[in-house]
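**Student:** Could you look at this predicted model? Sequence included:
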Protein chains: 2
Amino acid sequence: MPQTGHTLAPHRCRDCAKAKHCLADELIGQPSIPPIPIQNTILPKGRYIYHQGDGVKNLFFVKSGSVKIAYNNEQGDQQIINFYFPGDLIGLAVLNHGQHSASAVTLEKSVICAFPIGFIRTHCEKLPNLLSDILKRCDAEIKHRHETLLSSHQCIASKRLGDFLLELIVRLGLSRKQPVLLHLPMSRADMANYLGLAPETVSRVLSKYQKHGLILAKKQNIQINDLEQLTAFVRQAV
Amino acid sequence: MPQTGHTLAPHRCRDCAKAKHCLADELIGQPSIPPIPIQNTILPKGRYIYHQGDGVKNLFFVKSGSVKIAYNNEQGDQQIINFYFPGDLIGLAVLNHGQHSASAVTLEKSVICAFPIGFIRTHCEKLPNLLSDILKRCDAEIKHRHETLLSSHQCIASKRLGDFLLELIVRLGLSRKQPVLLHLPMSRADMANYLGLAPETVSRVLSKYQKHGLILAKKQNIQINDLEQLTAFVRQAV
DNA sequence: CGCCCCCTTGAGGAGCTTCAAGAAGGGTGG
DNA sequence: CCACCCTTCTTGAAGCTCCTCAAGGGGGCG
């Protein structure tokens, strides 16, 4: 991790309130495993966790805040690959790789935990749950990328965006008690880039939803009034 | 590998004419490494090498022919992820994974070589070149997926298709002496699905290229008359 | 020889983008 | 604390790309 953030005091996983939702769950109370040399860092908005091309040294656990992963090609065009939220692990599908295929940037003030890859490699055989958890997350990640590609090739804008909102509700573990209050840490431009749309189109679709009473969109905050109807619309749409 | 193909006689890498372009290159003449239990199979057109959801047991090397990788969602929609040609390795980015995230199907009569993953895991530390070759291929694969996603979100049909043709020329190692003769083993529908277009659009773009004298399209066979102009067009297009 | 599938071509229209202008919100400096 | 600015978001109008629907052509295989 670059020296751009504020590094907190050295960290013991057994003291971490989030350990249950983290890789480290299994590591707690394993006397045979040495303490993990965790870097626990608090980063402001817009800070790079790593840059595309950097060597892969850590897996990163999002404790709070949110992160976008962005790929840049030689012409300077950007493609946002995915967004990450508390409980997510960043850097998967790169466990074998020499360098990061894209950059990771915080979308808001975030606390990020760094796990040295070397440690995971060394101890994964003693910790079968650790490995199987990583594999499960990898599988989900790859499936997600296939799904989004399929969706961006075959579905209209309002379905893609609706799917995105519904997915966020699930991933953020929001209560389904209505109205659902959804905070979007990314800009309209980021959402649009991720979904393969123009920012104006994202605005228009949200306005359309609002006109039908499904949601109430106030910049970064979306209040979802009718989850069933939104779900029904998304299911039925192409 | 399913029992749907014709399994050739047990195979020794040192006898394989393609070994130089294969994982096995380094394995030849290593007395400390036991012989690889290679399955060498000849498959007709349209045969599955593996199905989505199957357990991952092998990496597959394409010795001849071609293969498409296709993801199917629960609704039965399909997304073609990539195409593979002689010299390519299938099953990368899954070295860590329990099951295949998509299906692999031959596009024509093909000879496919199966490397047991377990063997690779066991011996990769004794064979640094083997591992670094795999990592290099993985990196290229991930970068390729980012590029295609970016392209399908930002570029018009004729650029996407032109890029695809130019990429195939490079990947197939075709001589750049004009006219370049390019054989497309996949159907128009497969190309369209991969590029996120309608089959009719693929036809129309090829016709447009032909009208401008850049290519001569005869079903599966494309004769590229003016590689420079095609490249120039693709570079300049959005 | 005939069937079938794939490819091609045309016409029409839907959906999204682009361009442009205005509104709203957050941050900064006086 | 207020005024200003700048960025981001919204909304409108026009235009273009691509899709859908439909019909015709060609090659391969039985």
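**Tutor:** Cool, got the structure.
**Student:** Could you chop chain A up by domain?
**Tutor:** A:6-151, A:155-236 (automatic domain parsing).
**Student:** Off-centre distance for the shortest one?
**Tutor:** On the basis of C-alpha atoms, centre = their mean, to the nearest Å, domain A:155-236 sits 17 Å off its chain's mean C-alpha point.
**Student:** Quote the end-to-end distance of it.
**Tutor:** With C-alpha to C-alpha, to the nearest Å as the measure, domain A:155-236 spans 11 Å from end to end.
**Student:** just to revisit the earlier point, looking at the domains of chain A, which one has the lowest mean pLDDT?
**Tutor:** Per-stretch mean pLDDT for the domains of chain A is lowest at domain A:6-151 (a mean of 84).
**Student:** Dump the domains of chain A to CSV, plus mean neighbour count and distance to B:P179.
**Tutor:** Quick note: C-beta positions are derived from backbone N, CA and C, even for glycine. Putting these into CSV (neighbours: other C-beta atoms under 10 Å in any protein chain shown; distance: least, C-beta to C-beta, whole Å) gives the following:
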stretch, mean neighbour count, distance to B:P179
domain A:6-151, 17, 29
domain A:155-236, 16, 35
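**Student:** Of those domains, which is nearest DNA strand C?
**Tutor:** domain A:155-236 (3.1 Å; C-beta to the nearest atom of the strand).
**Student:** ok, and does the closest one reach over to DNA strand D?
**Tutor:** Yes. Domain A:155-236 lies within reach of DNA strand D by C-beta under 7 Å from any atom of the strand, at A:187-189, A:199-200, A:202-204, A:206-207, A:217, A:219-220.
**Student:** So which of the domains of chain A is nearest B:D15?
**Tutor:** domain A:6-151 (29.6 Å; C-beta to C-beta).
**Student:** what ranges do the helices span in chain A?
**Tutor:** In chain A, the segments counted as helices under DSSP state H are A:117-123, A:128-154, A:157-171, A:188-195, A:199-211, A:227-236.
**Student:** List of residues touching the fourth one?
**Tutor:** Contacting residues not belonging to helix A:188-195 are listed as A:68, A:78-83, A:107, A:152, A:157, A:160-161, A:164, A:184, A:186, A:197-199, A:201-203, B:153 [C-beta atoms under 8 Å, 6 or more residues apart in numbering or on different chains].
**Student:** Dump the domains of chain A to JSON lines, plus distance to B:G91.
**Tutor:** Formatted as JSON lines, the domains of chain A follow (distance: least, C-beta to C-beta, whole Å):
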{"stretch": "domain A:6-151", "distance to B:G91": "12"}
{"stretch": "domain A:155-236", "distance to B:G91": "28"}
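**Student:** Which residues does the most centrally placed residue in chain A form beta bridges with?
**Tutor:** Central residue of chain A (C-alpha atoms, centre = their mean): A:Y84, 1.0 Å from the mean position. Counting by DSSP bridges, A:Y84 is bridged to A:V67.
**Student:** Tell me who's in contact with it.
**Tutor:** Contact analysis of A:Y84 by C-beta under 8 Å, 6+ apart lists A:V62, A:S66, A:V67, A:K68, A:I69, A:I90, A:A104.
**Student:** I'd like the residues you listed as CSV, with distance to DNA strand D appended.
**Tutor:** Conversion of the contacts of A:Y84 to CSV gives the following (distance: C-beta to the nearest atom of the strand, whole Å):
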residue, distance to DNA strand D
A:V62, 21
A:S66, 14
A:V67, 17
A:K68, 13
A:I69, 18
A:I90, 22
A:A104, 18
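**Student:** from the residues you listed, which is closest to A:A140?
**Tutor:** Set against A:A140, the nearest of the contacts of A:Y84 by C-beta to C-beta is A:I90 (13.4 Å).
**Student:** circling back: could you dump the helices of chain A to JSON lines with distance to A:V56?
**Tutor:** Formatted as JSON lines, those follow (distance: least, C-beta to C-beta, whole Å):
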{"stretch": "helix A:117-123", "distance to A:V56": "6"}
{"stretch": "helix A:128-154", "distance to A:V56": "14"}
{"stretch": "helix A:157-171", "distance to A:V56": "24"}
{"stretch": "helix A:188-195", "distance to A:V56": "23"}
{"stretch": "helix A:199-211", "distance to A:V56": "32"}
{"stretch": "helix A:227-236", "distance to A:V56": "36"}
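**Student:** mind checking how far the residue nearest to the centre of chain A is from A:A104?
**Tutor:** 8 Å (C-beta to C-beta, to the nearest Å).
**Student:** Just to check, A:A104 is in contact with A:Y48?
**Tutor:** Yes. A:A104 is within contact range of A:Y48, at 6.8 Å (criterion: C-beta atoms under 8 Å).
**Student:** what does chain A put close to chain B?
**Tutor:** A:71, A:73, A:77-79, A:81, A:93-99, A:101-102, A:134-135, A:138-139, A:142-143, A:145-147, A:149-150, A:152-154, A:193, A:196 (C-beta under 8 Å from any C-beta of the partner chain).
**Student:** Please list which of the residues you listed are also close to DNA strand C.
**Tutor:** Answer for the residues of chain A next to chain B near DNA strand C (C-beta under 7 Å from any atom of the strand): A:G196.
**Student:** quick one: the closest residue to A:R176 other than its chain neighbours and A:S66, what's the gap?
**Tutor:** Nearest non-adjacent residue to A:R176, counting by C-beta to C-beta, 6 or more residues apart in numbering or on different chains: A:L227, 6.2 Å away. Separation of A:L227 from A:S66 (C-beta to C-beta) stands at 22 Å.
**Student:** With A:G91 instead?
**Tutor:** Relative to A:S66, and taking C-beta to C-beta, A:G91 is found at 16 Å.
**Student:** show me what contacts A:F61?
**Tutor:** Applying C-beta under 8 Å, 6+ apart to A:F61 gives the contacts A:K18, A:C22, A:L23, A:A24, A:D88, A:L89, A:I90, A:I112, A:C113, A:A114, A:F115.
**Student:** how about A:P86, phi and psi?
**Tutor:** Dihedral pair for A:P86: phi -50, psi 130, per degrees, to the nearest 10.
**Student:** For it, give me its contacts.
**Tutor:** A:P86 neighbours (C-beta under 8 Å, 6+ apart): A:K18, A:H21, A:V62, A:K63, A:S64, A:G65, A:S66.
**Student:** and of those, the nearest to DNA strand D?
**Tutor:** Once C-beta to the nearest atom of the strand is applied, the member of these that ends up nearest DNA strand D is A:S66, at 13.7 Å.
**Student:** shouldn't that closest one be in contact with A:H183?
**Tutor:** No. In this structure A:S66 lies outside contact range of A:H183 using C-beta under 8 Å: 9.1 Å.
**Student:** tell me, which of the contacts of A:Y84 make contact with DNA strand C?
**Tutor:** Applying C-beta under 7 Å from any atom of the strand to the contacts of A:Y84, none is adjacent to DNA strand C.
**Student:** tell me which of those residues is nearest to A:P179?
**Tutor:** Nearest to A:P179 among those: A:S66, at 21.4 Å, using C-beta to C-beta.
**Student:** Okay, that closest one and A:L107: tell me how far apart.
**Tutor:** For A:S66, the distance to A:L107 equals 4 Å [C-beta to C-beta].
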